[in-house]
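*Asks:* I would like the atomic coordinates for the input below:
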Amino acid sequence: MTKRVFVTRRFPGPGLSMLKGTCDVDLWPSDLPPTRAELLAKVDRIDGLLCLLTDTIDAEMLDAAGPQLRVISNYAVGFDNIDVALATARGIPVGNTPGVLTEATADFAFSLLMAAARRLGEGIDFARAGKWQTWSPGLLLGGDVHGATLGILGMGRIGQAMARRARGFEMQVLYCDPSHTRETIEGARSVAFKELLEQSDYLSVHTPLNAQTHHLFDGNAFQAMKSTAVLINTARGPIVDHGALHGALEAGQIAYAALDVTEPEPLPPTHPLFSLENCLILPHLGSATNTTRAKMGIMACENLLAGLQGNRLPNCVNPQLYDM
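*Replies:* A predicted model of the protein is given here:
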């Protein structure tokens with residue numbers, strides 16, 4: 001019997017063509033994600049699910065799918081949108097797409113660092129508004145990147161790639177890894193979170209979202225940071241308390257923030273952070289290159305097909321299933 005799968009969004013590259021002729025594919029046609037009600041209806045009696053980080057896969061969703069669900073493949077490296085513990089308890093392998101987006105995301109994070117340091121967003125707005133009348137010695141002065149101290153929260157693949165880029169600018173690199181799984185990183189010094197806050201000129205967030213990191217950057221964290229510090233977040237929006245961030249930016253507790261991820265996503269255009277000149281907000285573009293998104297699609301489909309065939313997922317976030 002042909003396996004039924006639901007794919008919650010179209011994505012670039014040849015990945016989806018891998019599924020043709022192999023399974024019965026129900027592909028969501030819109031650029032916007034399915035609503036909760038639509039998703040619950042679509043997963044009914046499917047054998048496989050290929051979802052995005054915008055899709056919350058919890059007990060209600062797994063119940064709606066039914067006991068025949070054999071695999072969940074997430075088109076993302078992060079998987080905080082999925083109740084992995086529950087999927088594991090039900091014997092469902094969960095796949096993700098690690099590694100392939102490391103360099104693209106690190107490129108983007110460093111781009112945000114540079115843009116914030118040199119106030120590029122403000123400069124573009126200034127020129128477009130017709131305010132540029134002459135060269136001025138004091139116009140839109142920013143911070144130095146070369147020789148500054150970069151703090152990295154989360155020293156996984158992307159954090160390490162960020163450190164490599166920083167060394168090209170002769171930056172001092174500090175890092176704190178909440179998972180406590182990282183050994184010594186060449187050219188970087190491991191510090192406690194408090195010291196990371198106090199010493200960083202630029203602080204780039206690359207840690208997963210979990211109970212320990214949710215709103216880790218709160219009012220107390222911003223009070224500990226330098227008044228000249230820049231916060232860059234390309235990980236997950238809820239790691240930063242946006243209310244506390246707005247207060248810190250407005251009060252001058254920190255100098256600038258550059259966010260590629262927000263809470264919620266999308267961030268409503270009426271949100272107070274959009275009113276601040278010292279806050280640069282992008283629509284989650286960290287892995288947005290043609291090559292990276294295509295490779296993510298291939299990996300997601302490989303995970304899906306492996307699970308449907310009863311084989312080990314090439315990239316599985318709950319591999320303990322195979323030892324049970």
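*Asks:* strands of the stretch 51-200 of the chain, start to end?
*Replies:* If DSSP state E, counting those that start in this stretch is used as the criterion, the strands of the stretch 51-200 of the chain fall at 71-74, 94-95, 149-153, 172-176, 188-190.
*Asks:* looking at those, which is nearest to Ser200?
*Replies:* When these are compared by C-beta to C-beta, strand 149-153 sits nearest Ser200, at 3.0 Å. All C-beta spots, glycine's among them, are computed from the backbone N, C-alpha and C.
*Asks:* other SSEs contacting that closest one?
*Replies:* With contacts defined as 3 or more C-beta pairs under 8 Å, 6 or more residues apart in numbering; DSSP states H and E, strand 149-153 has these neighbours: helix 157-168, strand 172-176, helix 193-199, strand 202-205.
*Asks:* which parts of the first one are buried?
*Replies:* By 16 or more other C-beta atoms under 10 Å, the buried positions in helix 157-168 come out as 157-166.
*Asks:* still on that earlier bit, with respect to Ile82, which of the helices and strands packed on strand 149-153 lies nearest?
*Replies:* Distances from Ile82 to each of the helices and strands packed on strand 149-153 were compared by C-beta to C-beta, and the smallest falls on helix 157-168, at 19.7 Å.
*Asks:* now the closest one, how far from the centre of its chain.
*Replies:* Chain-centre distance of helix 157-168: 16 Å, with C-alpha atoms, centre = their mean, to the nearest Å.
*Asks:* counting contacts, what elements does that helix pack onto?
*Replies:* Helices and strands in packing contact with helix 157-168 are listed as helix 102-117, strand 149-153, strand 172-176; criterion 3+ C-beta pairs under 8 Å, 6+ apart.
*Asks:* pull out the buried positions in the second one.
*Replies:* So the one you mean is strand 149-153. Along strand 149-153, these residues count as buried under the neighbour rule (16+ other C-beta under 10 Å): 149-153.
*Asks:* name the SS class of the residue nearest to Pro272 when sequence neighbours are not counted, please.
*Replies:* Counting by C-beta to C-beta, 6 or more residues apart in numbering, His246 is the residue found nearest to Pro272 once chain neighbours are left out, at 5.0 Å. Using DSSP: H, G, I helix; E, B strand; the rest coil, the secondary structure recorded for His246 is helix.
*Asks:* list the residues that contact His246.
*Replies:* Neighbouring residues of His246 by C-beta atoms under 8 Å, 6 or more residues apart in numbering: 272-273, 276, 279.
*Asks:* packing partners of the lengthiest helix in the chain?
*Replies:* Using DSSP state H to assign secondary structure, the helix with the most residues in the chain is helix 290-308. Taking 3+ C-beta pairs under 8 Å, 6+ apart as the contact definition, the neighbouring helices and strands of helix 290-308 are strand 48-51, strand 71-74, strand 94-95.
*Asks:* which ones are touching the residue nearest the centre of the chain?
*Replies:* Among the residues of the chain, the one closest to the centroid is Ala235, at 3.5 Å (C-alpha atoms, centre = their mean). With contact taken as C-beta under 8 Å, 6+ apart, Ala235 is in contact with 78, 154, 205-209, 261.
*Asks:* which one of those residues is nearest Ala300?
*Replies:* Sorting the contacts of Ala235 by distance to Ala300 puts Gly78 at the head of the list, at 13.1 Å, by C-beta to C-beta.
*Asks:* the closest one against Asn96, yeah?
*Replies:* Yes: counting by C-beta atoms under 8 Å, Gly78 touches Asn96, with 7.3 Å between them.
*Asks:* of these two, which one has the most company?
*Replies:* With other C-beta atoms under 10 Å as the criterion, Gly78 and Asn96 differ in neighbour count, and Asn96 comes out ahead with 24 against 17.
*Asks:* for the more buried one, grab phi and psi.
*Replies:* Listed backbone geometry of Asn96 is phi -140, psi -170, with angles given as degrees, to the nearest 10.
*Asks:* for Asp24, same thing?
*Replies:* Main-chain dihedrals, Asp24, degrees, to the nearest 10: phi -90, psi 110.
*Asks:* now for it, how many residues are close by?
*Replies:* Using other C-beta under 10 Å, Asp24 has 13 neighbouring residues.
*Asks:* pull the contacting residues for Gly154.
*Replies:* Taking C-beta under 8 Å, 6+ apart as the definition of contact, the neighbours of Gly154 are 176-179, 205-208, 235.
*Asks:* Thr35: which of the buried residues of strand 149-153 is nearest?
*Replies:* When the buried residues of strand 149-153 are compared for distance to Thr35 (C-beta to C-beta), Leu153 comes out closest, at 33.6 Å.
*Asks:* do you know how far Gly15 is from Ala87?
*Replies:* From Gly15 across to Ala87, the span is 22 Å (C-beta to C-beta, to the nearest Å).
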